[in-house]
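Asks: The following block contains a protein sequence and its predicted model.
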Amino acid sequence: METAADSGVAVKPRKAPLLTQKVQKNLTIFLFLVPAFALFLLFIVYPIFKSVYYSFFSWKGFGDPTDFIGLENFQQILKDKIFQKAVLNGLLIIALSLGIQLPLSLSLAIMVGRDLPGRAIFRMIFFLPYVISEVITAIAWMGLYNPDPTRGLFNAILTLIPGVEPVAWLGDMKVVMPALFVVLTWKFFGLHMLLFLAGLQGIPMEVEEAARIDGANGLQLIRFITLPMLGSTIRTSVYLSVLGSLQQFVLVWIMTKGGPVNASEVMATYMYRFGFVRFWYGYGSAVAIVMLLVSLVFSIGYLRIIRQPDFQGAE
Amino acid sequence: MPRKMFMLIGLVLIIALALSACAPAATATKAVQPTTKPADTQAEVPTVQVAEPVTITWWHISTADEHKNLWQAMADEYVALHPNVTIEIQVLENEAFKTKLTTVMQSGEPPDIFQSWGGGVMNEYANAGLLRDIDAELDADGGAWRNSMGEGALGVYSYKGVNYGVPWDMGMIGWWYNKALFEQAGITGTPTTWTEFNDAVDKLNAANITPIAVGMGDKWPGMHMWAYLVTRLGGKANFEGALLRTGSFTDAPFVKAGEMLQGLVAKDPFQDGFLGATYGDEATAVGNGKAAMELMGQWAPAVQKDNSLDKMGLGDNLGWFPFPMVEGGAGDPNDAVGGGNGFAIGKNASDAAVDFAKFLTSLENQIRLAQINVAIPVVKGSEVGMTDPLMIALQQELAKAKYFQLYYDQALPPAMGSVINDSVQALFAGTMTPEEAAQAIEDSAKLELD
C-alpha cells in the first residue's frame, strides 16, 4: 500500500491510482458477486429463517403470527402417522431409485455410449423425458394410467388378454407407489444416463485396450475397468437421486395428491397439504424445516463420508 | 488500464440498468397528469367523459365454453360502457384456482373479483382483512342491489353480518341419472328412500351397468354423499349442535352416516379406480353413458357435456332426483345440501370493480346466465330465463327446502373441510371405521372451533 502511494508521489507523470491493485481486484469480485448474492440472500436464506420463525407458531398464514407454541409443531409432526408414512414412502422411492433407476441408467449409458448403431438417436430419445415439464409428464401418464380401458392405454392393452380386469393404477392403495415409481424412473433416468455418459468419456481408451489385450471379456471389462473408473460419477448420481427423491412433489401431487388415503404421501405433499390446503401455515413451515434438516444432514454426511476421496483427488 | 475500463463500463451498465428500472414509473405518472387535469376542468360540465383509467382483475373458474364466452361478453359490454376500465380476466380450472388463490392470499394481494363459495373459506379471508366490505354499495339507492336477491343466498357471502361478496348462482346437490340406463336395468320411477336407492344400485349392478361414478381422488365429490346422509339422519339440530359445540361430530348421525356409506361401498357400485379418479373422470363417465348416476350440484350437466366425447352429454336421457330420504332419520326429506357460486371482492378492489360485480349480477345479466343453463340465478325474477326442465325442477326443489345446508367443506373452516374430505375418502377406501372418521373430524373441530 505504502509503496504504491510512494511511487505515485515519486514519479510525477504517472497519476496516483485511487485504489491499489489488491483493493481493485477485490472490489471487482465484490461488485460482480453483489447481484447474485443479494438474490441468494433474499430468496433462499431469508425465507429459510422466516420459515424457522413461523414454525414456532400456530398460524393460519394471514396477518402476523401471534400464537407462539414453541416446539409443539415438531412434536406433532414426529408423532403423526401420516408423516411417518410419508417418510417411509420417501425411503421406498430412494431404495427403488438406487436399486433400479441408477443401474438401468448405467446400463443404458454403457449401451448408447459404445458401439450401438444409431446411438445418437437413442441418446436423444432417452434424454427426452427429462426435458419435458414435470406437469406435462404427470398429466400424460394420468392418461396412460386411466382405469377405463377405453381411455387408458395400459388398461386397453391389459384387457386385450381375456379374463384380465383393468387395474386402477393410481386408485389402488397397493399399486399406486409402484405406478408412481415407473413415472419417476421414466422422467429422471435420462439425467443419470447423461451423467454416466459424461463419466464414460473420461475413461481413457488405453486402459480398456490394455484390458482387452490381457484377455478381458465384455463383462469383465465393465466390472473391473468401467465401474471403478466411473466411481465419482456414480457417487454424484446417487447424491442427486437421493436428494431428488426426498424433495419429490410435482409428479406425486398432480397424479395422486398423495392419495388414495395417503398411500402415496411424500414429505413435500404432506407439507403442501398442511400449509396450503389446511391453512396451517406454522405447521407447514415446521414440516419444511424438518425436510430441510433431513436433506442437510444427508448432504453433509454424504459429502463427509462418501465423497471425500473425490475432493482429495481433485486437489 | 483495461481492467479499469472494464470496471468502468460495468459500473455504467449497472447504473444504467438501475435507472432504466425507474423510468417507466416516471413516464407513467407524467402520462396520468394531463389526463386527470382536463377531467377536473370538465367536472363543471354535466358529463364527465374522461375518468381515471382503472384496471379490474377478475378470476373465475367457468371453463365451459358457453359460460366462459358469456362472462367475456359481459366484460366487453361493461368496458364499452366505461371506456376507462380495463378488465383482466383469468380463467382457471377449479383445483388450480384454489391453489393459486391461496398463494396470492398469503401474500396479501387478492384479485379484485374472484370466484367464491362463501362460508368458512371466505370467512377466513374476511377475518384476515383481505376482502372489501360492500355493504355500502348493496344498500345504496334504498338497498336496490341487496333487495334484488334472496336473503339466504346473499347470507352465504356475509361474515359477522357484513357482506364481502355476492352470489350469482345458488343450487343444490342431487342425483343426476341416465334414464336409458335406468330403464335398461328395469328401474321404474326414481328412488325416494335409501332402501329404494340401494335396490336401484343392486338392479344396475345386476344389469352389468356401473351404478355410480365418483371422483374420489378429488375427495369432495364423494364427501357430499356422506354429508347428505348426515343431513337426512340428523337434520338441522344435529349439525348446528356440532358446529356451535353444544354437540359433537361424534354424535350418532355422523357415525351412522359413515356406516350407511360403507354399506353402499360394499356393493361395489363405483367405476373402476374411483379412489384415484378426478371429478373430470366422474363427469366423463356419466356424460359418455358409462355410469348411471352421479351425486353433484347444478353445474353437472354443463360439465358432463364438456367432458363427453360428442360434447353433447346425455341430452334428453339425463334426469334428476333429490337425495332420497332415510327411513327413521330426523332430517326433513326436503332439506337440501348445496351452495352456489359467487363473487368475493378483494380488499384492493376499486369502486369500479364493485360496480362491475353489480353489473354482472343485474337482472338482465342473470337472465342471460339462466338462459344458457349453467346456473340457477339468484336475482328475483330471473327464473324466467330458465328453460331447462331439469334446472327448473332443481330450483323448485330448492325452494321447498326448510333447512339449507351449505357444503360442509365450504361451511366449515378450511382445515376442517380438508379433514372431512380426507376422512370420507378413507371411509370409501375402508381404511377408517365410521367411528374413527367421526373422531378425526371432531379432533379437528376441537382445534378449529373451540
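Replies: Cool, the structure landed.
Asks: Kindly provide the distance from the closest residue to A:Val175 other than its chain neighbours to A:Lys187.
Replies: If the residues on either side of it in the chain are set aside, A:Val175 comes closest to A:Trp169, at 5.7 Å by Cβ to Cβ, 6 or more residues apart in numbering or on different chains. Any C-beta I mention is one placed from the backbone N, CA and C, and that applies to glycine too. When distances are taken as Cβ to Cβ, to the nearest Å, A:Trp169 and A:Lys187 turn out to be 16 Å apart.
Asks: Likewise for A:Ala288?
Replies: Counting by Cβ to Cβ, the gap from A:Ala288 to A:Lys187 is 23 Å.
Asks: out of A:Trp169 and A:Lys187, which sits in the more crowded spot?
Replies: A:Trp169 (26 against 21; other Cβ atoms under 10 Å in any protein chain shown).
Asks: Pull the contacting residues for the residue nearest the centre of chain A.
Replies: For chain A, the residue sitting closest to the mean C-alpha position, by Cα atoms, centre = their mean, is A:Gly244 at 2.4 Å. When the contact criterion is Cβ atoms under 8 Å, 6 or more residues apart in numbering or on different chains, the partners of A:Gly244 are A:Ser97, A:Phe188.
Asks: now with 10 Å?
Replies: Taking Cβ atoms under 10 Å, 6 or more residues apart in numbering or on different chains as the criterion, A:Gly244 is in contact with A:Ile93, A:Ile94, A:Ser97, A:Leu184, A:Lys187, A:Phe188, A:Leu191, A:His192.
Asks: Whether the longest strand along chain B contacts chain A - can you check?
Replies: Ranked by residue count, the top strand of chain B under DSSP state E comes out as strand B:336-345. No. Strand B:336-345 stays out of contact with chain A when judged by Cβ under 10 Å from any Cβ of the partner chain, the minimum separation being 14.4 Å.
Asks: Give me the sheet partners of that strand and which way each runs.
Replies: Taking DSSP bridges as the criterion, strand B:336-345 pairs within the sheet with strand B:113-116 (antiparallel), strand B:165-172 (antiparallel), strand B:404-406 (parallel).
Asks: Columns mean pLDDT and mean neighbour count on top of those, output as CSV?
Replies: Shown next, in CSV, are the strands paired with strand B:336-345 (pLDDT from 0 to 100; neighbours: other Cβ atoms under 10 Å in any protein chain shown):
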stretch, mean pLDDT, mean neighbour count
strand B:113-116, 95, 25
strand B:165-172, 91, 26
strand B:404-406, 86, 20
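Asks: export those strands to JSON lines and tack on distance to B:Asp141?
Replies: Converted to JSON lines, the strands paired with strand B:336-345 look like this (distance: least, Cβ to Cβ, whole Å):
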{"stretch": "strand B:113-116", "distance to B:Asp141": "21"}
{"stretch": "strand B:165-172", "distance to B:Asp141": "15"}
{"stretch": "strand B:404-406", "distance to B:Asp141": "28"}
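Asks: Go through these and name the closest to B:Gly346.
Replies: Shortest separation from B:Gly346 across those is recorded for strand B:113-116, at 6.7 Å, computed as Cβ to Cβ.
Asks: ok, then the element right after that closest one?
Replies: helix B:119-127 (DSSP states H and E).
Asks: so that following helix versus strand B:336-345, what angle?
Replies: With axes from the mean of the first three to the mean of the last three Cα atoms, to 10 degrees as the basis, helix B:119-127 and strand B:336-345 are set at 20 degrees to each other.
Asks: what helices or strands is helix B:119-127 leaning on?
Replies: Of the remaining helices and strands, those touching helix B:119-127 by 3 or more Cβ pairs under 10 Å, 6 or more residues apart in numbering or on different chains; DSSP states H and E are helix B:94-106, strand B:113-116, strand B:158-159, strand B:165-172, strand B:336-345, helix B:408-411, helix B:414-429.
Asks: switch the cut-off to 6 Å
Replies: Helix B:119-127 makes packing contacts with helix B:408-411 when contacts are defined by 3 or more Cβ pairs under 6 Å, 6 or more residues apart in numbering or on different chains; DSSP states H and E.
Asks: tell me the contacts of B:Pro413?
Replies: B:Pro413 makes contacts with B:Gly120, B:Glu448, as judged by Cβ atoms under 6 Å, 6 or more residues apart in numbering or on different chains.
Asks: can you do 10 Å?
Replies: If a contact means Cβ under 10 Å, 6+ apart, then B:Pro413 has A:60, A:278-279, B:119-121, B:123-124, B:127, B:419, B:444-445, B:447-449 as its contacts.
Asks: where does it land on pLDDT?
Replies: At B:Pro413, the pLDDT value in this model is 86.
Asks: quick one: it from B:Asp450, how far?
Replies: 12 Å.
Asks: between those two, what contacts are shared?
Replies: With Cβ under 10 Å, 6+ apart as the test, B:Pro413 and B:Asp450 reach no residue in common.
Asks: Which helix or strand in chain A has the lowest average pLDDT?
Replies: Averaged element by element with mean pLDDT, DSSP states H and E, chain A has its least confident helix or strand at helix A:2-10 (a mean of 46).
Asks: and after that helix, which helix or strand comes next?
Replies: Helix A:2-10 is succeeded, C-terminally, by helix A:21-40 (DSSP H and E).
Asks: C-terminal to that next one, what's the next element?
Replies: Past helix A:21-40, heading to the C-terminal end, the next element that is a helix or strand (DSSP H and E) is helix A:46-54.
Asks: Run the angle between that following helix and helix A:21-40 for me.
Replies: 50 degrees.
Asks: is chain B contacted by the next helix or strand after helix A:46-54?
Replies: Tracing the chain C-terminally past helix A:46-54 and defining elements by DSSP H and E, one meets helix A:72-79 next. No. No part of helix A:72-79 sits close enough to chain B to count as contact by Cβ under 10 Å from any Cβ; the gap is at least 10.7 Å.
Asks: returning to that earlier point: so the longest strand of chain B versus helix B:94-106, what angle?
Replies: Interaxial angle of strand B:336-345 relative to helix B:94-106 (the same axes, to 10 degrees): 50 degrees.
Asks: any chance you could map the strands in chain B?
Replies: Along chain B, counting by DSSP E, strands occupy B:54-60, B:85-91, B:113-116, B:158-159, B:162-163, B:165-172, B:174-178, B:210-212, B:291-296, B:318-321, B:336-345, B:404-406.
Asks: So for the first one, what gets flagged as buried?
Replies: Using 16 or more other Cβ atoms under 10 Å in any protein chain shown as the test for burial, strand B:54-60 gives B:Val54, B:Ile56, B:Thr57, B:Trp58, B:Trp59, B:His60.
Asks: if we can go back for a sec, hmm, which two among the contacts of B:Pro413 are most spread apart?
Replies: Between all members of these, the longest pairwise span (Cβ to Cβ) is found for B:Asn127 and B:Val419 and amounts to 19.3 Å.
Asks: Ramachandran angles for the residue in the stretch 51-200 of chain B positioned nearest to chain A?
Replies: Closest to chain A within the stretch 51-200 of chain B is B:Ala128: 3.1 Å, counting by Cβ to the nearest Cβ. Main-chain dihedrals, B:Ala128, degrees, to the nearest 10: phi -90, psi 0.
Asks: hang on, it packs against B:Gln106?
Replies: Yes. With contacts counted by Cβ atoms under 10 Å, B:Ala128 reaches B:Gln106, the gap being 9.5 Å.
Asks: got the contact list for the nearest residue to B:Leu398 once chain neighbours are set aside?
Replies: Sequence neighbours aside, B:Met172 is the residue nearest to B:Leu398 in space, at 4.9 Å (criterion: Cβ to Cβ, 6+ apart). Contacts were defined as Cβ under 10 Å, 6+ apart; by that measure B:Met172 touches B:228, B:297-298, B:322-323, B:335-340, B:376, B:394-395, B:397-398, B:401, B:404-405.
Asks: Also A:Leu293?
Replies: Counting by Cβ under 10 Å, 6+ apart, A:Leu293 touches A:Phe74.
Asks: where's it, which helix or strand?
Replies: helix A:281-305.
Asks: my guess is A:Gly90 meets A:Glu265, correct?
Replies: Yes. A:Gly90 sits in contact with A:Glu265 when judged by Cβ under 10 Å, with a separation of 9.3 Å.
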